[in-house]
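Visitor: sequence first, predicted model second:
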Amino acid sequence: MSYLNLENLSKNFKDDKVISNLNAKIDKGEFFVIFGPSGSGKTVLLRLLSGIMLLDDGEIKMDGQVINELQPEERDISMAFQNFALYPHMKAYDNIASPLRANNKNISDKEIDQKVKEVASLLKIEHVLNQFPKELSNGQKQRTSLARSLISKPSVVLLDDPLRNVDAKIRFEMRLELPKVLKEFNTTVIYVTQDFREAMALGDRIAVLYDGRFNDIDFPKNIYQNPSSLTTAKLFGDPTINNFDANIKKQNDFIEVNVQGEQFKLKRKTDIQDGDCIIGIRPEDIILSNKPSENSIEVEFRTKTPLNLRIVFLVRLKNGLELLCSTTEEESQLIDENKKMYISFLEEKSHFFDKETKRNLE
């Protein structure tokens, strides 16, 4: 049985539907990542869960209890904000201790000190406990904010894009450290980000939020390899997925594809109907070579650029369609840009989307 149930949640601001009939079931102890573009309603959803904002409709159930009417301090939910939201007049120590002092009048100073130092040690900020927020780096502010959200050992922790305002080195380190730290507290984590790499690195599951609802809830690998829609496919990947209009016709064990007069075959079986659709193929699933092969297509080299550890080629078909192809650095050295170039697709990695709804047809 799921621990946190979100049932038909809705929130409007006048005529603007921010959250619309949103549903999810989240397990106890799960690291649940909410991923979506800027403005999709991620922060609003966290505020609804925390009780800072009130729902227009729907129910939030935690461990079987409806918590819609509970005040934020009654929900056993904590939240760390994207902008850290530390009290500027308090040292890091007192910022971290503040939830204990606010919610538990009977706790002793000795207990508070023990808990503060325990969580500070886990997050490696013991050395900044006597400093004010203005004296802290962004990475130290982020860890202090996280420590404050964890010190009372809440049942659910909401993290609103906490790594967005830290530098790349700290962001990478925290992607490795954060899951380990949170497991120490045995808490359910709902983590918001608009970085697909972060979502895939951290999440047990990912919920993709746009148009006011979760359009996918699945394991990271499935989200990337089998997106339910073209919209989701475009949100994951750098460079983004290639997509183009096509007409397909099934022929025994292959598919005949017509793209603006350019014809080729894909060796694969599918249950989708003949006709017009959108084909999606990721750059790393296109094979680039100077030698033609069965079902390869001749292309014109346009340009190339390095991207992380890979090389991205821009090529153009005879009909003018441009595609991105991604290779390793070693593979790129085997390609002579001054000779004829050919591409072929990894057939099982191609996706077919409906032209109107953009939903995956398979």
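Guide: In hand now; what should we look at? Numbers count the residues shown, from 1 in each chain.
Visitor: when you work out contacts or count neighbours from here on, use the C-alpha atoms and nothing else.
Guide: Will do.
Visitor: what's stretch 308-319 in contact with?
Guide: With contact meaning Cα atoms under 8 Å, 6 or more residues apart in numbering, stretch 308-319 is reached by 260-262, 283, 297-306, 322-329, 332.
Visitor: which ones among the residues you listed are found in helices?
Guide: Secondary structure assignment by DSSP state H places 329, 332 of those in helices.
Visitor: and the residue lying closest to R213 once chain neighbours are set aside, what does it touch?
Guide: Excluding the flanking residues, the one nearest R213 by Cα to Cα, 6 or more residues apart in numbering is L22, at 4.7 Å. Residues counted as contacts of L22 (Cα under 8 Å, 6+ apart) are 6-10, 212-214.
Visitor: quick one: list the elements packing against the strand or helix carrying A97.
Guide: Using DSSP states H and E, the element containing A97 is helix 92-103. Helix 92-103 is packed against helix 109-122, helix 138-150, with contacts defined by 3 or more Cα pairs under 8 Å, 6 or more residues apart in numbering; DSSP states H and E.
Visitor: ok so, going back, in TSV, list the contacts of L22 along with secondary structure, neighbour count and pLDDT.
Guide: Listed next are the contacts of L22 as TSV, based on DSSP: H, G, I helix; E, B strand; the rest coil; neighbours: other Cα atoms under 10 Å; pLDDT from 0 to 100:
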residue	secondary structure	neighbour count	pLDDT
L6	strand	18	97
E7	strand	16	97
N8	strand	16	97
L9	strand	21	97
S10	strand	22	96
G212	coil	20	93
R213	strand	21	94
F214	strand	20	96
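Visitor: need the residues you listed in CSV (columns: distance to G51).
Guide: What follows is these, written out as CSV (distance: Cα to Cα, whole Å):
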residue, distance to G51
L6, 13
E7, 15
N8, 16
L9, 13
S10, 14
G212, 19
R213, 19
F214, 20
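Visitor: looking at those, spot the one nearest S108.
Guide: S108 has its nearest neighbour among the contacts of L22 in L6, at 36.8 Å by Cα to Cα.
Visitor: so what strands line up beside the host helix or strand of N23?
Guide: Using DSSP H and E, N23 falls within strand 16-26. Taking DSSP bridges as the criterion, strand 16-26 forms sheet pairs with strand 4-13 (antiparallel).
Visitor: identify the residue nearest G139 in space, chain neighbours excluded?
Guide: V166 (5.6 Å).
Visitor: would you confirm that the one you found contacts N138?
Guide: Yes - shown here, V166 and N138 form a contact pair, counting by Cα atoms under 8 Å, at 5.6 Å.
Visitor: low-confidence regions, the stretch 201-350 of the chain specifically.
Guide: The stretch 201-350 of the chain contains no residues with pLDDT under 70.
Visitor: what ranges does it have for its strands?
Guide: Using DSSP state E, counting those that start in this stretch, the strands found in the stretch 201-350 of the chain span residues 205-210, 213-218, 242-251, 254-259, 262-266, 275-281, 286-289, 297-307, 310-316, 322-328, 341-345.
Visitor: out of the ones you listed, which is the most enclosed?
Guide: Ranked by mean neighbour count under mean count of other Cα atoms under 10 Å, the strands of the stretch 201-350 of the chain are led by strand 205-210, which reaches a mean of 24.
Visitor: can you list contacts of that strand?
Guide: 31-37, 40-42, 199-200, 214-220, 223, 232.
Visitor: next, format the strands of the stretch 201-350 of the chain as JSON lines and append distance to F81.
Guide: Listed next are the strands of the stretch 201-350 of the chain as JSON lines, based on distance: least, Cα to Cα, whole Å:
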{"stretch": "strand 205-210", "distance to F81": "19"}
{"stretch": "strand 213-218", "distance to F81": "22"}
{"stretch": "strand 242-251", "distance to F81": "35"}
{"stretch": "strand 254-259", "distance to F81": "47"}
{"stretch": "strand 262-266", "distance to F81": "48"}
{"stretch": "strand 275-281", "distance to F81": "36"}
{"stretch": "strand 286-289", "distance to F81": "40"}
{"stretch": "strand 297-307", "distance to F81": "31"}
{"stretch": "strand 310-316", "distance to F81": "34"}
{"stretch": "strand 322-328", "distance to F81": "36"}
{"stretch": "strand 341-345", "distance to F81": "43"}
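Visitor: of all the ones you listed, which one is nearest Q71?
Guide: Comparison of the strands of the stretch 201-350 of the chain against Q71 by Cα to Cα identifies strand 213-218 as nearest, at 24.5 Å.
Visitor: in its sheet, what does the closest one sit against?
Guide: By DSSP bridges, strand 213-218 pairs with strand 205-210 (antiparallel).
Visitor: low-scoring stretches of the stretch 51-200 of the chain, by residue?
Guide: 104-105.
Visitor: what are the buried residues along stretch 181-190?
Guide: Residues of stretch 181-190 classed as buried: 182, 185, 187-190 (neighbour count, 16 or more other Cα atoms under 10 Å).
Visitor: in helices, which of those fall?
Guide: Per DSSP H, the buried residues of stretch 181-190 map to helices at 182, 185.
Visitor: contacts only, for L6.
Guide: Neighbouring residues of L6 by Cα under 8 Å, 6+ apart: 22-25, 58-61.
Visitor: of the residues you listed, closest to F244?
Guide: Of all those, L22 has the smallest distance to F244: 30.6 Å, by Cα to Cα.
Visitor: what is the closest one paired to in the beta sheet?
Guide: L9.
Visitor: that'll do, ta.
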